[in-house]
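Engineer: predicted model and sequence follow; I will ask about them next.
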Amino acid sequence: MGIDAKLVPPLLRQLREPLGLGRSVQSRRSRELTPRTKTADRVVQSVCPYCAVGCGQKVYVKDEKVVQIEGDPDSPISRGRLCPKGAASEQLVNSPLRETKVKYRRPYGTEWEELDLETAMDMIADRVVKTRKETWEQETDDGRPLHRTRGLAFLGGATLDTEENYLIKKFFTAAGAISIENQARI
């Protein structure tokens with residue numbers, strides 16, 4: 001007749017399993033839990049949005065809502081590992097504090113107002129065109145061609161993928177900007 005496992009002190013149970021992988025290290029509550037990854041409807045492969053490393057992520061989705069994000073063991077870059085920021089990226093998606101609307105504060109204003117995306121994009125486009133027109137340098141004083149503007153600049157971030165950064169570089173070069181940089185390249 002054996003001793004009931006409930007009567008054995010936790011320390012003794014854990015000493016029987018020094019690797020801490022068995023039932024001895026689980027509480028009754030943790031044995032009854034179901035992992036969020038098990039209940040997901042689908043898994044989507046993605047890339048961490050935080051830096052230029054490009055760690056692979058598995059995004060677990062249930063009812064069209066992200067329920068968990070973990071490292072992708074098939075990723076040749078990160079081999080299933082994520083830094084603390086990457087591991088917390090589910091909070092980036094689901095945070096109740098996340099802004100989901102365009103916020104705008106008028107010149108000399110003290111309050112933020114919400115704008116629809118189309119209005120905000122039109123405002124940005126109008127300002128880019130106006131700035132380019134006002135700061136355009138066609139040629140030097142002695143007639144050598146410049147075809148540039150020093151009124152526009154761009155500093156990109158590593159959270160964009162290669163294709164997005166390529167298109168942004170092409171756009172700003174075509175617009176005549178000469179100050180184009182990316183945090184990932186620095």
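Structural biologist: Great, that's in hand. Residues are numbered from 1 along each chain as shown.
Engineer: hey, let's count contacts and neighbours off CA atoms from now on
Structural biologist: Noted.
Engineer: centre-most residue in this protein?
Structural biologist: In the chain, the residue lying closest to the centroid (Cα atoms, centre = their mean) is P49, at 2.7 Å.
Engineer: quick check on that one: phi, psi?
Structural biologist: When quoted as degrees, to the nearest 10, the phi and psi of P49 stand at phi -90, psi 0.
Engineer: distance of it from E70?
Structural biologist: Per Cα to Cα, to the nearest Å, P49 is found 13 Å from E70.
Engineer: again, but for T110
Structural biologist: According to Cα to Cα, T110 stands 41 Å off from E70.
Engineer: and K101, by the same measure?
Structural biologist: 27 Å.
Engineer: neighbour count winner among those two?
Structural biologist: Higher neighbour count among K101 and E70: E70, with 22 against 11, using other Cα atoms under 10 Å.
Engineer: host element of the more buried one?
Structural biologist: Per DSSP states H and E, E70 falls inside strand 65-71.
Engineer: could you export that strand as PDB, CA atoms only?
Structural biologist: The C-alpha coordinates for strand 65-71 follow below in PDB (Å, rounded to 0.1, in the frame of the first residue of the first chain):
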ATOM      1  CA  LYS A  65      -8.700  37.500 -32.100                       C
ATOM      2  CA  VAL A  66      -5.000  37.000 -31.200                       C
ATOM      3  CA  VAL A  67      -4.900  34.800 -28.100                       C
ATOM      4  CA  GLN A  68      -1.200  34.000 -27.900                       C
ATOM      5  CA  ILE A  69       2.100  34.700 -29.700                       C
ATOM      6  CA  GLU A  70       5.100  32.400 -29.400                       C
ATOM      7  CA  GLY A  71       8.400  32.000 -31.000                       C
END
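Engineer: list the buried residues in the helix or strand following that strand.
Structural biologist: Once strand 65-71 ends, the next helix or strand along the chain (criterion: DSSP H and E) is helix 84-87. For helix 84-87, the neighbour count (16 or more other Cα atoms under 10 Å) marks 86-87 as buried.
Engineer: who's in contact with the longest strand seen in the chain?
Structural biologist: The residue-count maximum for a strand in the chain (DSSP state E) belongs to strand 145-156. Applying Cα atoms under 8 Å, 6 or more residues apart in numbering, the external contacts of strand 145-156 come out as 128, 131-132, 135-140, 165, 172, 175-184.
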